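In: return a 3D structure for these sequence lines:
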Amino acid sequence: MRQSIKQLYASYQDLKEQEVSFFAWVRTNRNQKEFGFMQLNDGTCFETLQVVYDRSVIKNFNDISKVRCGASVFVKGTVFLTPNMNQPFEIHATECHLEGDSLENYPIQPKRHTREFLREQAHLRPRTNLFNAVFRVRSVAAYAIHKFFQDKNFVYVNTPIITASDAEGAGEMFQVTSLDLNNIPRLESGEIDFKKDFFAKKASLTVSGQLEAEAYALSFRDVYTFGPTFRAENSNTQKHASEFWMIEPEIAFADLNDDMELIEEMIKYVVSYVMRSCPSEMNFFDQHVEKGLKARLENVCNNKFNRVTHEEAITILKEAKVKFENTPDYGCDLATEHEKYLTEKHFQAPVFVTDWPKDIKAFYMRLNDDGKTVAAVDLLVPGSGELVGGSQREERIEYLLKRMEEVGIEESAMDWYLDTRRYGGCKHAGFGLGFERLVMYLTGVENIRDVIPFPRTPKNCEF
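Out: As a prediction, the model looks like this:
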C-alpha cells in the first residue's frame with residue numbers, strides 16, 4: 001500500500017516511532033556532511049515533509065546527498081514528533097532510493113520565480129507552492145459546485161461543445177470546419193459553401209450552454225451545466241481567456257428573485273466549503289497573495305448581498321464625490337472602476353445590480369413592464385467586480401420573436417428554441433458563472449492565466 005504525506009499528517013501522533021514508507025518529489029536537499037535534510041512533497045496535500053538522513057544509517061548517503069530538486073525518491077523511515085519545530089513531525093530515514101533523477105537545468109529551483117516565467121513552465125508550475133495551492137482549490141471548488149447542485153436535486157446536463165447557434169449574439173466564436181483551407185468550396189456568389197462542410201452548415205465552438213440548458217430545465221425543472229466554453233475575443237486583459245469553464249444553472253417556474261437567491265446561496269456554499277476543506281492553502285493565500293483574503297471571504301459568507309437596480313447604481317455613482325475616468329450613464333454598462341466603487345466603497349459588500357437597459361443585454365432576457373429594461377442581474381463582489389450574470393428568460397414567444405428581429409437573429413435558426421415556448425413554456429431563470437473568475441476570487445490571484453492549468457489566450461496555445 002502506498003502511504004501518502006497527507007495520510008501521515010492526519011495520523012502522525014499515532015505513528016510515533018513507527019516505520020513508514022512513501023514516494024515523493026524533492027523540493028530541497030541540504031547536505032551537512034554527517035546529516036542531510038530533504039523537504040519532500042507528494043502532491044496529496046499542500047504541506048511538505050522533512051526527511052532527515054544520517055550517514056551512519058543510510059548506506060548510499062553520498063548518492064542521496066547529491067539528489068537534485070525535482071527528483072522523485074522512495075523513503076522508508078521512522079516517525080519522530082517535533083512539537084517545538086516548524087513542522088509537527090519528521091521522518092528519520094532508514095532507506096532512501098532515487099526513483100527518477102532530475103537534470104541540473106530543472107527550471108523550478110528553490111527560489112522566487114515570477115508568474116510570467118512560470119506560465120512558460122505551465123507543465124511544471126504545479127510543483128511550486130502557489131500553483132499547488134491554486135489548482136487544489138480549483139479542484140475542491142469544482143467538487144463543491146457539483147455537490148451543491150446535486151444535493152438540491154439539480155440534473156447535470158452536458159451541453160454541446162460544437163454548436164450552430166450563438167447564444168450571446170456576439171459573433172466572437174471559433175469556427176469548426178473540416179474544409180480544406182487551401183481549397184475552400186464557394187457558391188457562385190463567392191460565399192463559402194458550408195453544405196460541403198462536415199456538418200453541412202456553419203459550426204463553431206460554444207460560447208454558452210444556456211440555450212440547451214433551458215430546454216432541459218423545461219423537462220427536469222432544475223438543471224445545471226459545468227463545462228468548457230470558448231470566446232474568439234482578441235482581449236489581453238487579466239480577466240479574459242479564449243477557453244474557460246462555465247457553470248450555468250437553469251430553474252423553471254422561477255423569476256429573477258428566485259435566481260438571485262440561488263446565486264447567493266451557491267456562492268456562500270462554495271466559499272464556505274473551500275475555506276473548510278483547504279485551510280493550509282487559504283492561509284497561504286492570505287499571507288502571501290492577498291492580505292485580508294480570508295476576512296473578505298468570511299464577510300461574503302456572513303452578510304446578506306445588497307440589491308440595487310441599474311438606475312439606482314448609476315445614481316449612486318453620479319452622486320459620488322469621485323472623478324471617474326468613464327462617466328457613468330443610465331443607458332450604459334458599468335466600467336470596472338464603477339464596480340469597484342460600488343462594492344468596495346459604497347456597499348463594502350457584494351451587490352446585485354438588476355433591471356438593466358435592454359439594448360446592452362442579450363435577446364433572451366425578459367422585457368420589463370417599462371419596455372426599456374430587462375429582468376437581468378449582475379453580481380458584483382469586492383476585489384473582482386462582476387462575478388455572475390443572470391436573468392429571467394423571456395417566456396412570451398411574441399416578445400422573444402420581436403427581440404430576435406431587433407438584433408438580427410433568424411427565426412429559422414432558432415426554431416427548436418422557440419419550441420420551448422410553444423409547448424408548455426413557463427417563467428424560468430438562470431445565470432452564468434465563469435469558473436476561473438470564481439477561482440480568482442477564492443485565491444486572490446489576479447490573472448486568469450494563473451488559475452487555468454494550460455491557459456489559451458490570443459497568440460498563445462502552448463502545451
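
In: and the helix or strand hosting V353, average pLDDT?
Out: Taking DSSP states H and E as the definition, V353 sits inside strand 351-357. Averaged across strand 351-357, the pLDDT comes to 98.

In: report all helices and strands that the helix or strand that it is followed by contacts.
Out: Next in sequence after strand 351-357, counting helices and strands by DSSP H and E, comes strand 373-381. With contacts taken as 3 or more C-beta pairs under 8 Å, 6 or more residues apart in numbering; DSSP states H and E, strand 373-381 sits against helix 256-277, strand 351-357, strand 385-392. (Each C-beta comes from the backbone N, C-alpha and C, glycine too.)

In: chain center to strand 373-381: distance?
Out: Its chain's average C-alpha position is 20 Å from that of strand 373-381, according to C-alpha atoms, centre = their mean, to the nearest Å.

In: now do it against strand 385-392, angle only.
Out: Angle of strand 373-381 versus strand 385-392, following axes from the mean of the first three to the mean of the last three C-alpha atoms, to 10 degrees, is 150 degrees.

In: quick one: contacts of strand 373-381?
Out: Contacts with strand 373-381, where a contact means C-beta atoms under 8 Å, 6 or more residues apart in numbering, come from 255-256, 259-260, 263, 267, 300, 305, 309-311, 334, 339, 342-343, 350-358, 361, 365-368, 386-392, 429, 431, 441.

In: ok, back up a step: pull up the pairing partners for the strand holding V353, direction included.
Out: Neighbouring strands of strand 351-357 in its sheet, by DSSP bridges, are strand 306-309 (parallel), strand 373-381 (antiparallel).

In: what sits up against that strand?
Out: Against strand 351-357 from outside (C-beta under 8 Å, 6+ apart): 256, 260, 263, 305-311, 313, 330-332, 334, 342-343, 365, 368, 372-380.

In: apply 6 Å and report the result again.
Out: Residues from elsewhere that reach strand 351-357, judged by C-beta atoms under 6 Å, 6 or more residues apart in numbering: 260, 305-310, 313, 331, 342, 373-374, 376-380.

In: what angle do that strand and helix 256-277 make?
Out: Using the same axes, to 10 degrees: strand 351-357 against helix 256-277 is 150 degrees.

In: quick check: end-to-end length of stretch 376-394?
Out: Counting by C-alpha to C-alpha, to the nearest Å, you get 11 Å between the two ends of stretch 376-394.

In: skipping its backbone neighbours, what lies nearest the most far-flung residue of the chain relative to its centre in space?
Out: Relative to the C-alpha centroid of the chain, counting by C-alpha atoms, centre = their mean, S56 is the outermost residue, at 49.6 Å. Closest residue to S56 apart from its sequence neighbours, by C-beta to C-beta, 6 or more residues apart in numbering: E34 at 7.6 Å.

In: any idea how far that neighbour lies from V52?
Out: 11 Å (C-beta to C-beta, to the nearest Å).

In: Q13 now?
Out: Distance, Q13 to V52, by C-beta to C-beta: 19 Å.

In: what's the helix or strand for V140?
Out: Secondary structure assignment for V140, by DSSP H and E: helix 129-151.

In: report the mean confidence score over that helix.
Out: 98.

In: same check on stretch 321-330?
Out: 93.

In: how far does that stretch stretch from start to finish?
Out: Using C-alpha to C-alpha, the two ends of stretch 321-330 sit 18 Å apart.

In: before we move on, what about stretch 183-191?
Out: 13 Å.

In: tell me the average confidence for the strand of greatest length in the chain?
Out: Determined from DSSP state E, the single longest strand within the chain is strand 19-32. Across strand 19-32, the average pLDDT comes to 96.

In: buried sites along it?
Out: V20, F22, F23, A24, W25, V26, R27, N29, N31 (16 or more other C-beta atoms under 10 Å).

In: state the pair within those residues that is farthest apart.
Out: Farthest pair in the buried residues of strand 19-32 (C-beta to C-beta) is V20 and N31. Separation: 22.9 Å.

In: in the stretch 101-250 of the chain, mark out all the helices, start to finish.
Out: Applying DSSP state H, counting those that start in this stretch to the stretch 101-250 of the chain gives helices spanning 115-119, 129-151, 210-220.

In: any weak-confidence spans in the stretch 101-250 of the chain?
Out: 166-171 (pLDDT under 70).

In: distance of the residue nearest to F22 when sequence neighbours are not counted relative to E462?
Out: Leaving aside its chain neighbours, F22 sits nearest to Q3 (4.6 Å; criterion: C-beta to C-beta, 6+ apart). Remark: distance between Q3 and E462 (C-beta to C-beta) = 36 Å.

In: so these two - more neighbours on which side?
Out: Legend: neighbour count by other C-beta atoms under 10 Å for Q3 and E462, higher for Q3 (16 against 10).

In: pop out the phi and psi values for the more buried one.
Out: Main-chain torsions, Q3, degrees, to the nearest 10: phi -80, psi 150.

In: can you give me the pLDDT of the residue farthest from the centre of the chain?
Out: At S56, the predicted lDDT confidence score is 95.

In: did I read that right, it in a helix?
Out: No. Secondary structure of S56 (DSSP: H, G, I helix; E, B strand; the rest coil): coil, not part of a helix.

In: one step back: off-centre distance for the strand holding V353?
Out: Relative to its parent chain, strand 351-357 has a centroid offset of 23 Å by C-alpha atoms, centre = their mean.
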